[in-house]
Structure formats: structure tokens, C-alpha cells
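[1] Quick one, fold the following:
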Amino acid sequence: MPSITIKDIPSTLHERLKDAAARHRRSLQNEVVACLERYVDQLPRPKAELLAEAAALRDRLPNLDHDLVDQFKRAGRS
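    Numbers count the residues shown, from 1 in each chain. Have a look, this model is predicted:
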């Protein structure tokens, strides 16, 4: 698994992370990973990624018979 070394963390930030880790009953390592995941999950996703996800969802939908839909619409208006 990849790893990251972070140097020169301000002592106040380090203390806040340690406190948060204790509150969440996690190791400092796991707390940092959780914080990074929350941050990255809030970033805007690339347009290409969103379009690919939409295309995959659209491919899972059943084919729609538009003539049949129009027929039902007309039947509902009579």
C-alpha cells in the first residue's frame, strides 16, 4: 500500500489531529486518512468522470419504446 510522509506539521495541527483521533477511537494514522478522504470526497469530480458514470447508468436502463409511451399518454387523456 502506498505511503506518505508529512514533515513540519504545525504542533497545533498535530495536537488537534491527536485529539480527533482519540475522540473517534482511531490511530493518528487512521484519523489523517479519514480527514483526507473527507476532503477529497468534497472536491469537484472531473467532467469526464461524471459523464462516464452517467453513460454507465444510462446503459443499465431498459430500452424505452417512445411510441408506447405516447400511446399511454393519449389513452390517459381520453
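
[2] got any ranges where this structure has weak pLDDT?
    Flagging of the chain using pLDDT under 70 yields the residue ranges 78.

[3] cutoff 80 now
    76-78 (pLDDT under 80).

[4] Now do the helices in it.
    Shown for the chain, the helices assigned by DSSP state H span residues 11-23, 28-42, 47-60, 66-77.

[5] Now tabulate the ones you listed in JSON lines and tack on mean neighbour count and distance to residue 2.
    Where C-beta positions appear, they are placed from N, C-alpha and C, glycine not excepted. What follows is these, written out as JSON lines (neighbours: other C-beta atoms under 10 Å; distance: least, C-beta to C-beta, whole Å):
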{"stretch": "helix 11-23", "mean neighbour count": "12", "distance to residue 2": "20"}
{"stretch": "helix 28-42", "mean neighbour count": "12", "distance to residue 2": "11"}
{"stretch": "helix 47-60", "mean neighbour count": "9", "distance to residue 2": "21"}
{"stretch": "helix 66-77", "mean neighbour count": "9", "distance to residue 2": "49"}
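
[6] Distance to residue 4 for those helices - can I get that in TSV?
    Listed next are the helices of the chain as TSV, based on distance: least, C-beta to C-beta, whole Å:
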stretch	distance to residue 4
helix 11-23	14
helix 28-42	9
helix 47-60	23
helix 66-77	52
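
[7] Nearest to residue 3, out of these?
    Evaluated with C-beta to C-beta, the helices of the chain place helix 28-42 nearest to residue 3, the distance being 9.6 Å.

[8] Which elements pack onto the closest one?
    Where contact means 3 or more C-beta pairs under 8 Å, 6 or more residues apart in numbering; DSSP states H and E, helix 28-42 is packed against helix 11-23.
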